[in-house]
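In: Just the structure for this:
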Amino acid sequence: MKRVMIVGQPGAGKSTLARALGQRTGLPVVHIDCIHWQPGWVERDRASKIALMRAEEERDAWIIEGGLSATWDTRLARADTVIVPEFPTWLRLWRVVKRRIEYAGGQTRPDLPPDCPERFDAAFLRWIWDTRHSNRLRNRALIARAAPRRTCLLTGPRAVRRFLRDLDSGGFAGQ
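Out: This next block holds a predicted model:
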């Protein structure tokens with residue numbers, strides 16, 4: 001495992017999983033939210049985001065977590081492992097609400113640039129709900145395209161714990 005691509009829907013634990021993998025493997029972790037956003041929730045333009053991603057993808061080793069589907073093909077071409085945490089919608093919504101509470105008071109999550117305090121609005125929750133089926137299908141299609149790379153579909157917190165336990169014991173071989 002040298003180049004790991006993690007994609008999933010909001011609240012599925014991509015960032016947490018990436019940090020855990022980074023700690024276990026020593027691989028550098030790239031959070032796409034840090035590419036998408038600049039400090040103060042200033043969005044980068046599309047060309048800049050893609051250029052920054054291409055530079056990260058060219059590195060010898062990485063764990064890249066997050067969307068930016070415009071770079072999926074090139075990221076997938078370099079990845080040796082693809083992981084998709086896929087949790088039930090109710091759990092992801094709960095995690096997003098919980099995250100908002102946890103980082104209340106202007107705190108910035110560790111997977112965001114500085115001065116990006118946690119935000120929460122109805123539009124984001126609605127987007128999570130509205131895209132729950134289409135994003136699931138898109139992520140599943142990515143796994144299908146990933147062959148013969150190692151792939152792992154993690155369908156809940158228990159599956160994530162099992163995956164990390166297997167990794168710790170040297171038993172992860174992927175699907």
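In: Distance check, whatever residue is furthest in space from the centre of the chain against R3.
Out: Here the chain reaches farthest from its C-alpha mean at G105, the gap being 24.5 Å by C-alpha atoms, centre = their mean. Here G105 is placed at a distance of 37 Å from R3 (C-beta to C-beta, to the nearest Å). The way it works is simple: take the backbone N, C-alpha and C, and place the C-beta from them, glycine included.
In: A77 now?
Out: Distance, A77 to R3, using C-beta to C-beta: 10 Å.
In: More neighbours: which of the two?
Out: Between A77 and R3, R3 has the larger neighbour count (other C-beta atoms under 10 Å), namely 20 against 10.
In: For the more buried one, give me the pLDDT.
Out: Each residue has a pLDDT score; the one for R3 is 96.
In: For it, give me its contacts.
Out: R3 sits next to A61, W62, I64, R78, A79, D80, T81 when contact means C-beta atoms under 8 Å, 6 or more residues apart in numbering.
In: Next: L153.
Out: When contacts are counted by C-beta under 8 Å, 6+ apart, L153 is found next to V84, E86, R140, I143, Q175.
In: If you count contacts, what does the strand or helix carrying A144 end up packed against?
Out: Taking DSSP states H and E as the criterion, A144 maps to helix 132-146. In this structure, helix 132-146 makes packing contacts with helix 72-78, strand 81-85, strand 150-154, judged by 3 or more C-beta pairs under 8 Å, 6 or more residues apart in numbering; DSSP states H and E.
In: Next, the angle strand 150-154 makes with it.
Out: Helix 132-146 runs at 160 degrees relative to strand 150-154, counting by axes from the mean of the first three to the mean of the last three C-alpha atoms, to 10 degrees.
In: Show residues contacting helix 132-146.
Out: Against helix 132-146 from outside (C-beta under 8 Å, 6+ apart): 7-9, 69, 72, 76, 79, 82, 84, 86, 89, 151, 153.
In: farthest-separated two in these?
Out: For the contacts of helix 132-146, the maximum inter-member distance is 26.3 Å, found between A79 and T89 (C-beta to C-beta).
In: neighbour-wise, which of those two wins?
Out: A79 (24 against 15).
In: just the helices in the protein please.
Out: Per DSSP state H, the chain carries helices over the ranges 14-25, 32-36, 46-57, 72-78, 89-102, 122-130, 132-146, 157-168.
In: counting contacts, what elements does the fifth one pack onto?
Out: The reference is to helix 89-102. Using 3+ C-beta pairs under 8 Å, 6+ apart, helix 89-102 sits against helix 122-130.
In: buried set for the helix it packs on?
Out: Across helix 122-130, burial judged by 16 or more other C-beta atoms under 10 Å covers I128.
In: List of residues touching that helix?
Out: Q9, P10, G11, T89, R92, L93, V96.
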